[in-house]
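Enquirer: Dropping a prediction and its sequence here:
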Amino acid sequence: MPKITKQESQTALAFYGALSGVDSMENLQKIMDKPKRKNNNHEGQLVRDIINALSYHGYAMRLNSGQVETKNGYMFRGCEVGTSDVLFLRNGKATWIEIKIKGNKATEAQVAFIERMKKQGCRGGVAYSVSDALDIAGIV
C-alpha cells in the first residue's frame, strides 16, 4: 500500500470530517480501526428463506433500516431505525415482519414500529422461523 502524504491525509480529513463530524486524524484513525460487526449469516439466511416462502403468496421485500458503512467506505442510510426487516403485501394488505434468530430479541424501536403499523391496520410481528412469518402474514 502506498504511503499517504500529510497533505492527502488533511484533504481526506477535511472531506470525511465534513460528512461525519470527525475533527482530527486521531479520531479518523480510531473510526477506521474500529472492528466491523460480524454479519450474522444465520439471520440473513432466515430472511432469504422467509422472503422466498412469502413470495408464493404475494409480494415480499427486504428493507434495510438505520445507517451502515459500505465496503468502499460510503455511508448508506436506509429506512428509519426500527423498521421491520420484511414488508409483505397481499390482497391490498401490508404485513411487517421483524426477523430474529433464536436467542435474539427485537429492540424497543422494532417493537414500537410494529405496534405503530398495527394501529394503522397492518399485520406485524417478530418471526423466528418461516412458519412464524407465514402465521404473522395470515397464510398458515
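Expert: Yes, it's here. Numbering: from 1, shown residues only.
Enquirer: Show the subsequent helix or strand relative to the helix or strand of the chain with the lowest mean pLDDT.
Expert: In the chain, the helix or strand scored least confidently by mean pLDDT, DSSP states H and E is helix 25-33, which has a mean of 58. Sequence-wise, the next helix or strand downstream of helix 25-33 (DSSP states H and E) is helix 41-55.
Enquirer: And the contacts of that next one?
Expert: 60-62, 85-86, 88, 97, 99-101, 104, 127, 129-130, 133-134, 137, 139 (Cβ atoms under 8 Å, 6 or more residues apart in numbering). In short, each C-beta sits where N, CA and C put it, glycine included.
Enquirer: can you rerun that using 7 Å?
Expert: Helix 41-55 is contacted from outside by 60, 62, 85-86, 88, 97, 99-101, 127, 130, 133-134, 137, using Cβ atoms under 7 Å, 6 or more residues apart in numbering.
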